[in-house]
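Undergrad: coordinates for the following, if possible.
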Amino acid sequence: MSVKFPYRKINLQNPFSSKQFILRPIIPLSIKYKDKALRFEALIDSGADFSIFPTEIARKLGIILKNSDHIVFAGAGGNIINGRKAEVFLEIGLRKIQAMVVFAPVENGILGQYGFFDLCKINFNLKNKIIEVEFV
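TA: Numbers count the residues shown, from 1 in each chain. Predicted coordinates:
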């Protein structure tokens, strides 16, 4: 089973064309923990080692992070970030997958190698502006 999403237009100057936007693989999803769920969006990033979501999401879902495994990692700009691991369900389209993710003081959600790519097959089709997520 697979789900297709359009690439998201972001209003930024595209350095490779005269267009006033770029396309990014950002998809909608629900993050679920116990009986709570939140709608959110995340960038699919094959360069990210693992999936990361804002700490605020964990708080709203009632996830107690102080007792979970601590992880220290470097962000894209080299900044050192402290996070906490937690197991959640990610609902993408009509499919729900159980994933270990990291909650950290970040603004945007990122779907990375562990917690997403290890659970799905992803097809980036920029030419046709479609992202396909296949559940294996």
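
Undergrad: which parts of stretch 20-33 are buried?
TA: For stretch 20-33, the neighbour count (16 or more other Cβ atoms under 10 Å) marks 22, 25-27, 29, 31-33 as buried. C-betas here are computed from N, CA, C, even on glycine.

Undergrad: nearest to Ile130 among those?
TA: Checking the buried residues of stretch 20-33 against Ile130 by Cβ to Cβ gives Pro25 as the nearest, at 9.7 Å.

Undergrad: the longest strand that the chain contains pairs with which strands, parallel or anti?
TA: Longest strand of the chain, by residue count under DSSP state E: strand 80-92. Strand pairing for strand 80-92, using DSSP bridges, gives strand 26-33 (antiparallel), strand 70-74 (antiparallel), strand 95-104 (antiparallel).

Undergrad: show me where this structure has strands.
TA: Taking DSSP E to define them, one finds strands in the chain at 2-6, 8-10, 22-24, 26-33, 36-44, 52-54, 70-74, 80-92, 95-104, 109-111, 120-125, 130-135.

Undergrad: quick one, the first one and strand 95-104 angle?
TA: Taking axes from the mean of the first three to the mean of the last three Cα atoms, to 10 degrees, strand 2-6 and strand 95-104 form an angle of 60 degrees between their directions.

Undergrad: same question for the longest one.
TA: Here strand 80-92 runs at 170 degrees with respect to strand 95-104, directions being taken by the same axes, to 10 degrees.

Undergrad: where does the prediction get shaky in this protein?
TA: Within the chain, no stretch has pLDDT under 70.

Undergrad: hmm, 80 instead?
TA: 13-19, 76-77, 136 (pLDDT under 80).

Undergrad: what's the nearest residue to Val72 once chain neighbours are set aside in contact with, if anything?
TA: Closest residue to Val72 apart from its sequence neighbours, by Cβ to Cβ, 6 or more residues apart in numbering: Asn82 at 5.7 Å. By Cβ atoms under 8 Å, 6 or more residues apart in numbering, the contact set of Asn82 is 70-72, 104-105.

Undergrad: any idea how far Asn82 lies from Leu90?
TA: 22 Å (Cβ to Cβ, to the nearest Å).
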